[in-house]
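Asker: Based on what follows, work out the 3D shape:
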Amino acid sequence: MELRDIEIFLTLAEELHFGRTAERLHLSQARVSQSVSRQERRLGGALFDRSTRTVTLTPLGRRLRDDLHPGYGLIRKALTRAADTARGCSGTVRLGAMGALPSELAWLVEEFCARHPQCSVEFVEYHFSDPLARIRAGEVAAQLMWLPVPEPGLRLGPVVLTEGRVLAVATGSDLASRARVSLEDLAGRTVPDPGRRTPEEWYRAMCPERTPGGRLVHRGPQARTFHEVLALVATGRAVCPLNGHVPRYYTYPGVVLVPIDDAPRTEWALVLPESAPAPHVRAFIETARELGAREIDRGGAREERTGRATAGRGPRSSAPGN
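Answerer: Below is the predicted model:
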């Protein structure tokens, strides 16, 4: 089997559709069919059962897929590393991220560095009260941000993390004993003001101005860092929606985190300047796109078991994460 034929077979085994396989590999459907037929003749048996509506693997096809897949992955990695060496693909990807989120990207960094041993990743912290300063100044090559992308001049890369949300409330709040809350429970309450350097649309995606029923949510005292948010919440001066990973990383006296039932899931995407990225940055983005998004919680699964949560296992960062 030629390497290209292996790629065609494994892609068809994944897609189970000749048209999608051809489109994904930038080939004609005839080329895909010819490759599969040639291999079937060579092996002496059918790899796929074909009908007018479905394509399925035969037992022989499943066995061949399982045997080929690990080796093919190793070959691709070896070829990628060789090509990187030839092109001089090396360097450090400076990636902007808030708070504890670098820990949630360990799987992506590990795979990227395995594929590109001449490259590394360095995380640079940014604050929600001025989220665009570092990427505007060119201090980072890309930045992990929740959607929507806040302004023109930036372009959207792949989504790499998704998660649910929790509401931070004071232990004395009427919401603190709840197993879960809804966005409608924000009605008439106060959320922190992030200041003028935070894009309004971006912040509203986390802290809405109105509930789904149209009731007003007040904007209150200013907070510039995540710990300032927690301090406001602990004293009862504000409540604040936060992302679902927060309980795993933060503890703050007087704060309870309650899962929000109906909040939209947060999508964290890699955001880049519009200018063309350097080869090592492009390789990082391509790795992220290939691996896809990782779900870093299941909408408050930890809180479902406990009923409610205080903020986690202790702070790993003083940055606003969340």
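Asker: show me where pLDDT drops low in the stretch 201-322 of the chain?
Answerer: Judged by pLDDT under 70, the stretch 201-322 of the chain has its weakly predicted residues at 297-322.
Asker: those strands in it, which residues are they?
Answerer: 218-222, 240-243, 255-259, 266-273, 294-295, 309-310 (DSSP state E, counting those that start in this stretch).
Asker: Which strands and helices lie in contact with the third one?
Answerer: The one in question is strand 255-259. The elements that strand 255-259 packs onto, with contact taken as 3 or more CB pairs under 8 Å, 6 or more residues apart in numbering; DSSP states H and E, are strand 165-170, helix 226-234, helix 301-306, strand 309-310. Just so you know, the C-beta spots here come from the backbone N, C-alpha and C atoms, and that holds for glycine as well.
Asker: got the buried residues for stretch 164-176?
Answerer: 164-170, 173, 175-176 (16 or more other CB atoms under 10 Å).
Asker: I misspoke; the intended subject was stretch 128-148.
Answerer: 128-129, 131-132, 134-135, 140-147.
Asker: residue contacts, Arg237?
Answerer: Applying CB atoms under 8 Å, 6 or more residues apart in numbering, one finds that Arg237 lies in contact with 190, 220-221.
Asker: Report how many residues lie close to Val217.
Answerer: Other residues within reach of Val217, judged by other CB atoms under 10 Å, total 20.
Asker: my guess is Val109 meets Val121, correct?
Answerer: Yes: using CB atoms under 8 Å, Val109 makes contact with Val121 at a distance of 4.7 Å.
Asker: rewinding a little: in TSV, list the buried residues of stretch 164-176 along with pLDDT and distance to His280.
Answerer: As requested, these are exported to TSV (pLDDT from 0 to 100; distance: CB to CB, whole Å):
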residue	pLDDT	distance to His280
Gly164	96	33
Arg165	97	33
Val166	97	36
Leu167	98	40
Ala168	98	38
Val169	98	43
Ala170	98	46
Ser173	97	47
Leu175	98	46
Ala176	97	47
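Asker: Tell me where the model's unsure across the stretch 51-200 of the chain.
Answerer: Confidence mapping of the stretch 51-200 of the chain against pLDDT under 70 gives the ranges 81, 84-88.
Asker: ok, what's across the strand from Leu57?
Answerer: Bridge pairing for Leu57 (DSSP bridges) gives the partners Phe48.
Asker: Any idea how many residues pack against it?
Answerer: 18.
Asker: Now do the contacts for it.
Answerer: 13, 16, 47-49, 65.
Asker: What are the boundaries of the helices in the chain?
Answerer: 3-15, 18-25, 29-43, 59-87, 101-104, 106-115, 133-136, 200-204, 226-234, 279-291, 301-306 (DSSP state H).
Asker: can I get those helices in TSV with distance to Tyr252?
Answerer: Converted to TSV, the helices of the chain look like this (distance: least, CB to CB, whole Å):
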stretch	distance to Tyr252
helix 3-15	45
helix 18-25	47
helix 29-43	57
helix 59-87	43
helix 101-104	18
helix 106-115	24
helix 133-136	26
helix 200-204	21
helix 226-234	4
helix 279-291	31
helix 301-306	16
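Asker: for those, which one sits closest to Asn243?
Answerer: When the helices of the chain are compared by CB to CB, helix 101-104 sits nearest Asn243, at 8.8 Å.
Asker: Not counting the closest one itself, show me its contacts.
Answerer: Outside helix 101-104, the residues touching it (CB under 8 Å, 6+ apart) are 123, 144, 161, 245, 249, 268, 294, 296, 316, 321.
Asker: what's the closest of those to Gly214?
Answerer: Nearest to Gly214 out of those is Trp268 (CB to CB; 28.5 Å).
Asker: That closest one touches Gly157, doesn't it?
Answerer: No: if you go by CB under 8 Å, Trp268 and Gly157 don't touch, sitting 10.8 Å apart.
Asker: Narrow the contacts of Arg237 to those that are buried.
Answerer: 190, 220.
Asker: quick one: which of the contacts of Arg237 is nearest Val93?
Answerer: Relative to Val93, and with distances defined as CB to CB, the nearest of the contacts of Arg237 is Pro221, at 36.5 Å.
Asker: returning to that earlier point: type out the PyMOL command that picks the buried ones from the contacts of helix 101-104.
Answerer: PyMOL command restricting the contacts of helix 101-104 to the buried ones, with burial defined by 16+ other CB under 10 Å:
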select buried, resi 123+144+161+245+249+268+296+321
